[in-house]
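K.L.:
Only the shape, not the letters, is given here:
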């Protein structure tokens, strides 16, 4: 497993594990709302299913911080992701939309692993730019390889077999991720000095709170705009599931290109600058879909949609920049909770808007981008002086 990544032994394995993990997600992600609709759900019911999934994730993320204090993170990662294998099989067995809920609950239990993945990456990457680079490679560039291939494969499986088979393929790929995560070396837990860290104490750190507020607003706006794009293409423009699968691969290309640009360009080395670039790309997605009516334009829209994944992962770097080490475990648990809350609420809004008018989520998402950019400018100034140690430093050049 040596590819010259410069990530070290364990983060290299996490890199490969995340490729398999995201392959398991990527094979069905583009077709997920279409699958729910195929099981007889209305737009509002699709929003309900996606919203319940989001809140179920939150229910399992809340105890992940304290659990991380008691269980070694490398064990929590492998064990937690094993639940995803079972959940995807249960989802594939569903025959009606309401039968999805047991699988969704089990699948959501697997999210307990994600804060520990982030904690492992941060702990074993070092500090400063090395940590930002590790998060960019593992959460953005690496998974993009999976997203490039898997949506196409998912579309082909759906066309040749059926939509149920897509989720069985996802379970098999996720099992591969569990096997790779199990090879991460075990280390004694790091003991930090100072009083016990709680969620409340973490949120009282002003730079951390500012980044969390921006994270919630950004992911919520992104999700309102793009969640039902596959349904929009199928219902309004009559695009087939195989073509939608191909389009999903363009999003992977976009994520990889934006990730490489952020990791190699000095103007975007500050995480919030990269997030602003990603936001502009998602705004382009919504704008193109509102005016476009051809496959080349849909491909362009999905290419720009890559900003969703790049922007999401950028917040882990932003949090790493402003978080003292002893708060790290709680911060990454809260990061998943904040993002999960945004993802849980957005489908309800998107489903309601879509029921009124299919272009509703696109229009509202695009309009909300304007104040979002303003908040990003303010947040960039508010947290710029802070470092992980909480002291003022000269900006790196």
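P.N.:
Yep, that arrived. Source: prediction; values computed, not measured.
K.L.:
Mind giving me the packing neighbours of the helix or strand harbouring residue 347?
P.N.:
Using DSSP states H and E, residue 347 falls within helix 328-356. In terms of contacts (3 or more C-beta pairs under 8 Å, 6 or more residues apart in numbering; DSSP states H and E), helix 328-356 is packed against helix 43-61, helix 64-70, helix 114-125, helix 199-203, helix 206-226, helix 306-322, helix 360-383. (Glycine included, C-beta is placed from N, CA and C.)
K.L.:
now the helices for the stretch 51-200 of the chain?
P.N.:
Counting by DSSP state H, counting those that start in this stretch, the stretch 51-200 of the chain has helices at residues 64-70, 73-93, 101-109, 114-125, 129-136, 142-160, 163-181, 199-203.
K.L.:
so what secondary structure elements neighbour the fifth one?
P.N.:
Using 3+ C-beta pairs under 8 Å, 6+ apart as the contact test, the elements touching helix 129-136 are helix 114-125, helix 241-264, helix 306-322.
K.L.:
Residue 282 is nearest to which of the ones you listed?
P.N.:
Shortest distance between residue 282 and those, using C-beta to C-beta, is found for helix 306-322: 4.4 Å.
K.L.:
can you give me the angle the closest one makes with helix 114-125?
P.N.:
Orientation note: helix 306-322 sits at an angle of 60 degrees relative to helix 114-125 (axes from the mean of the first three to the mean of the last three C-alpha atoms, to 10 degrees).
K.L.:
In helix 306-322, which residues are buried?
P.N.:
Neighbour-count burial for helix 306-322 flags 306-322 (criterion: 16 or more other C-beta atoms under 10 Å).
K.L.:
Contacts only, for residue 333.
P.N.:
For residue 333, the contacting residues are 61, 64-65, 68, 115, 199, by C-beta atoms under 8 Å, 6 or more residues apart in numbering.
K.L.:
okay, it: pLDDT?
P.N.:
pLDDT for residue 333: 79.
K.L.:
how far away is it from residue 203?
P.N.:
12 Å (C-beta to C-beta, to the nearest Å).
K.L.:
Then residue 136?
P.N.:
Applying C-beta to C-beta to residue 136 and residue 203 gives a distance of 26 Å.
K.L.:
Flag the shaky bits of the stretch 201-350 of the chain, pLDDT-wise.
P.N.:
Applying pLDDT under 70 to the stretch 201-350 of the chain flags residues 263, 269.
K.L.:
thinking again about what came up before, which one's more surrounded, residue 136 and residue 203?
P.N.:
Neighbours per residue, other C-beta atoms under 10 Å: of residue 136 and residue 203, the larger number sits with residue 136, 23 against 15.
K.L.:
ok, so what distance separates that one from residue 302?
P.N.:
21 Å.
K.L.:
ok so, going back, looking at the helices and strands packed on helix 328-356, which is buried most?
P.N.:
helix 306-322 (a mean of 26; mean count of other C-beta atoms under 10 Å).
K.L.:
Tell me the helices and strands packed up against it.
P.N.:
Short answer (3+ C-beta pairs under 8 Å, 6+ apart): helix 306-322 packs on helix 114-125, helix 129-136, helix 142-160, helix 206-226, helix 241-264, helix 271-291, helix 328-356, helix 360-383.
K.L.:
Throw those into a markdown table and include distance to residue 92, thanks.
P.N.:
A markdown table is the format used below for the helices and strands packed on helix 306-322 (distance: least, C-beta to C-beta, whole Å):
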| stretch | distance to residue 92 |
| --- | --- |
| helix 114-125 | 22 |
| helix 129-136 | 32 |
| helix 142-160 | 11 |
| helix 206-226 | 24 |
| helix 241-264 | 16 |
| helix 271-291 | 29 |
| helix 328-356 | 21 |
| helix 360-383 | 27 |
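K.L.:
Could you say which one of these comes nearest to residue 32?
P.N.:
Using C-beta to C-beta, the nearest of the helices and strands packed on helix 306-322 to residue 32 is helix 142-160, at 9.6 Å.
K.L.:
just the angle between that closest one and helix 241-264, please?
P.N.:
180 degrees.
K.L.:
what packs against helix 142-160?
P.N.:
In terms of contacts (3+ C-beta pairs under 8 Å, 6+ apart), helix 142-160 is packed against helix 8-29, helix 163-181, helix 241-264, helix 306-322.
K.L.:
Contacts for it, please.
P.N.:
By C-beta under 8 Å, 6+ apart, the residues outside helix 142-160 that reach it are 15-16, 18-23, 25-31, 165-166, 169, 173, 240-249, 251-253, 255-256, 259, 306, 309.
K.L.:
And stretch 51-70, by the same measure?
P.N.:
By C-beta under 8 Å, 6+ apart, the residues outside stretch 51-70 that reach it are 76, 101, 104-105, 107-109, 111-112, 114-116, 119, 189, 199, 329-330, 333-334, 336-337, 340-341, 343-348.
K.L.:
let's go with 7 Å and repeat that
P.N.:
Stretch 51-70 is contacted by residues 76, 101, 104-105, 108-109, 111-112, 115-116, 119, 199, 329-330, 333, 336-337, 340-341, 343-344, 347-348 when judged by C-beta atoms under 7 Å, 6 or more residues apart in numbering.
K.L.:
Equivalent analysis for stretch 215-226, please.
P.N.:
275, 279, 282, 285-286, 305, 308, 311-312, 315, 335, 338-339, 341-343, 345-346, 349-350, 361-362, 364-366, 368-369, 372, 375.
K.L.:
contacting residues around residue 209?
P.N.:
Residues counted as contacts of residue 209 (C-beta under 7 Å, 6+ apart) are residue 203.
K.L.:
and the gap between it and residue 67?
P.N.:
Relative to residue 67, and taking C-beta to C-beta, residue 209 is found at 23 Å.
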